[in-house]
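J.: Return atomic coordinates for the entry below.
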Amino acid sequence: MTSWLHGRALGERARWLDPMARTPWVRPVTSVPGRVVFVFGLVASMMVAHAPPASGAANTCRARDVTQGTAHRSNLQAVIDAASRGDTINIRNVCVGHFRIDKGLKLKGVSNPVVPQPILHADSPGTVLRIAAPDQGCGCSEDDVTLTNLAITGGDAAGLGGGINNDGATVTLVRSTVRGNHSDRGGGGIYNSGTLSVQNSAGQQGRASSITGNTTGGLGGGIYNDGSLVLLGASVAGNVAAGYGGGIANFNFTSFYDATSVQGNRATHGGGGVANFSSLWMEDSSSVAGNTTAGRGGGIYNGGTLRLVGQPSVSGNTSGARGGGVANYGTFKLEGSSVVSNNESSDSGGGIFNWSTLAMSDEASVSGNVAASEGGGIDNWDTLTLNGSATVSGNTSGGCGGGIDAADGTTTLNGTASVSGNTADFGGGGICGSFATIVLNDSATVDHNSATFGGGIYSFTSNGGGVLLHDASSVTDNTARRGGGIDNRDGPLILNGTSTIRDNLATRAGGGIANEPNGLVTLAGSATVTQNRADVDDDGHGSGGGILNCGASTGAVDGGNVDANYLGSVGTVENNVQTCP
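T.: Numbers count the residues shown, from 1 in each chain. This is a model prediction of the structure:
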């Protein structure tokens with residue numbers, strides 16, 4: 001046991017490359033005659049397949065500057081060039097070519113029965129629409145570019161931005177679609193280094209703007225953002241990246257509002273939905289759902305600052321490595337009623353893998369997640385804090401830590417935070433502390449969890465960590481074969497204040513606490529171990545209704561603060577503190 005845990009900790013620290021690197025190493029590989037694509041050096045075998053643009057698209061374009069009252073023309077670029085700043089251009093049908101805008105304009109798609117959403121379609125490799133900030137703009141809204149009810153498709157760029165490349169301009173997409181584009185380096189759908197808003201228009205229900213079905217050999221299958229990106233009720237779906245960020249790769253500032261959805265995207269290395277290397281804010285009922293990666297962070301890979309506020313969700317994502325929902329290497333805050341739920345990892349951290357700082361507050365929850373190894377809900381290697389009424393519940397681990405695997409660092413529960421109803425195949429149904437400090441303050445609870453060892457908490461902390469219960473915190477109604485409440489394998493277990501270990505069940509030994517040979521249990525203040533039970537099998541095996549003490553203890557008084565614990569059925573044989581033979 002000791003060698004496994006020690007090897008796990010040392011190996012884990014050594015195995016990670018720099019996850020905060022802004023741009024992972026890439027190298028060009030010629031995989032198709034005459035075509036160079038970019039793949040990531042660590043996994044060069046994963047390529048993004050895409051179809052070339054349909055060069056046979058017919059140009060049926062009808063474009064007209066309605067501000068100046070000009071006639072319809074089939075050459076959209078000519079109409080753009082002739083327009084003045086702030087003009088509105090109406091577009092009908094399909095406009096084929098590559099287009100450039102370097103002034104403030106409004107391009108509006110006018111529906112008809114044949115082409116309800118007019119299309120800008122590339123006719124050869126390259127970006128469909130390039131937008132640049134005006135050289136001598138007014139610094140006012142007339143410099144802005146607005147695209148309404150348009151589809152951007154067929155782009156195939158060797159550089160950044162297959163559908164749209166926004167170079168420093170302020171651009172708004174309203175009820176528009178960017179679909180079926182490709183870029184070799186990044187931003188299969190859109191590259192943005194300006195200010196980009198993707199949104200609905202007022203009163204247009206069911207007409208969300210969408211970024212869908214785009215691919216890249218690099219970062220950001222849907223969007224590569226190096227500016228300011230705001231999504232309001234938008235959809236980013238079905239995009240693919242050979243690197244990070246199947247839906248979005250963010251290197252500056254991105255925010256999701258309303259019912260924005262990042263769904264069904266895929267990335268090879270990490271961030272099936274989003275790879276965030278700077279600042280990402282999710283609010284309202286926005287969601288990151290059903291995304292996948294072979295690497296880390298099925299929903300989100302965070303190397304910057306990630307904040308969920310209101311009622312956003314990260315759900316139903318999967319990862320082949322760490323963090324089914326989120327792999328966090330930066331600062332991650334869950335606030336309000338935000339949810340990380342029903343994600344799955346083939347390794348550890350079914351909901352969240354935390355390598356840095358993770359804080360949950362208010363009514364935030366991590367629930368229903370599954371990890372094949374450690375940390376069904378959260379695999380924590382640094383700093384994890386639960387405040388308010390935050391919950392980690394209903395998660396499952398194939399190894400240690402059904403709710404939380406406290407592999408290293410500090411895990412703290414404050415307020416009325418709870419770790420409840422989780423299951424681990426091995427140890428720590430609620431929390432597994434391998435080389436960590438676990439602290440319960442205020443009225444925090446670890447309850448109704450189950451495991452083979454340590455139904456509530458399993459602790460192995462030979463590096464100076466331990467388990468500390470303060471104030472009115474409690475470990476209650478947990479179940480395990482050994483250590484129904486807590487299995488303390490190594491290091492200190494300290495109960496202070498009015499904290500309690502209560503109503504736990506061990507099917508073999510240590511109903512409340514199983515204190516192993518290298519453990520030290522200390523009860524101080526008015527702390528209690530009470531109403532716990534250890535079963536006795538048909539052969540008479542069973543011991544330690546309250547505490548099975550195989551190590552050392554201080555302040556544990558049989559019949560005093562360790563009272564009304566039982567062997568077998570409650571009320572038959574009182575057994576409070578039993579020493580190992």
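
J.: now the end-to-end length of stretch 304-317.
T.: End-to-end distance for stretch 304-317: 20 Å, by C-alpha to C-alpha, to the nearest Å.

J.: likewise stretch 288-302?
T.: This stretch, stretch 288-302, spans 13 Å end to end (C-alpha to C-alpha).

J.: Averaged pLDDT, it. What do you get?
T.: The average pLDDT within stretch 288-302 is 98.

J.: Mind listing what's buried along it?
T.: Residues of stretch 288-302 classed as buried by neighbour count (16 or more other C-beta atoms under 10 Å): 288-302. Placement of C-beta: from N, CA and C, glycine included.

J.: count of neighbours near residue 208?
T.: For residue 208, the neighbour count with other C-beta atoms under 10 Å is 21.

J.: same question, residue 569
T.: Residues within reach of residue 569, counting by other C-beta under 10 Å, total 10.

J.: so who does it touch?
T.: Contact partners of residue 569, counting by C-beta atoms under 8 Å, 6 or more residues apart in numbering, are residue 533.

J.: now it: how far from residue 484?
T.: Applying C-beta to C-beta, to the nearest Å, the value for residue 569 to residue 484 is 15 Å.

J.: what do you get for residue 61?
T.: Distance from residue 61 to residue 484, by C-beta to C-beta: 74 Å.

J.: Likewise for residue 385?
T.: Relative to residue 484, residue 385 is positioned 27 Å away (C-beta to C-beta).

J.: neighbour count winner among those two?
T.: Neighbour comparison, residue 385 and residue 484: the larger count goes to residue 484, with 36 against 18 (by other C-beta under 10 Å).

J.: isn't that one right next to residue 512, touching?
T.: Yes: counting by C-beta atoms under 8 Å, residue 512 is a contact partner of residue 484 at 6.6 Å.

J.: Tell me the residues that contact both of these two, please.
T.: 504, 532.

J.: Residue 165 pairs with what?
T.: Residue 165 has these beta-bridge partners by DSSP bridges: residue 130, residue 191.

J.: what sits against it?
T.: Contacts for residue 165 were tallied using C-beta under 8 Å, 6+ apart; they are 127, 129-131, 157, 159, 187, 190-191.

J.: quick check, nearest of those to residue 266?
T.: Checking the contacts of residue 165 against residue 266 by C-beta to C-beta gives residue 187 as the nearest, at 15.9 Å.

J.: contacting residues for that closest one?
T.: Residue 187 neighbours (C-beta under 8 Å, 6+ apart): 160-162, 165, 216, 219-220, 223-224, 249.

J.: Looking at those, which is nearest residue 242?
T.: residue 216 (6.8 Å).

J.: Excluding sequence neighbours, find me the nearest residue to that closest one.
T.: residue 188 (3.9 Å; C-beta to C-beta, 6 or more residues apart in numbering).

J.: what's the helix or strand for the one you found?
T.: In this structure, residue 188 sits in neither a helix nor a strand according to DSSP states H and E.

J.: Quick check: it touching residue 221?
T.: Yes: here residue 188 reaches residue 221: they are 4.8 Å apart, a contact under C-beta under 8 Å.

J.: Pull the residues that contact stretch 415-423.
T.: Defining contact as C-beta under 8 Å, 6+ apart, one finds that stretch 415-423 is touched by 360, 376-377, 386-397, 402-404, 413, 429-431, 441-451.

J.: Check the offset of stretch 525-541 from the chain's centre.
T.: Here stretch 525-541 shows a centroid-to-chain-centroid distance of 40 Å under the convention C-alpha atoms, centre = their mean, to the nearest Å.

J.: that older thread, and for residue 188 and residue 221, which residues touch both?
T.: Counting by C-beta under 8 Å, 6+ apart, the common neighbours of residue 188 and residue 221 are 214-215, 239-241.

J.: from the residues you listed, which ones fall inside helices?
T.: Among the shared contacts of residue 188 and residue 221, the subset assigned to helices under DSSP state H is empty.

J.: out of these, which is most surrounded?
T.: Going by other C-beta under 10 Å, residue 241 tops the shared contacts of residue 188 and residue 221 with 37 neighbours.

J.: Please verify my assumption that that one contacts residue 219.
T.: Yes: contact criterion C-beta under 8 Å: residue 241 and residue 219 qualify, at 6.1 Å.

J.: list residues touching both of those two?
T.: The contact lists of residue 241 and residue 219 share residue 249, where a contact means C-beta under 8 Å, 6+ apart.

J.: what residues are up against the residue most central in space within the chain?
T.: Geometric centre of the chain, nearest residue: residue 326, 2.3 Å, by C-alpha atoms, centre = their mean. For residue 326, the contact set (C-beta under 8 Å, 6+ apart) comprises 297, 299-302, 306, 314, 332, 340, 351-353.

J.: Okay then, goodbye and thanks.
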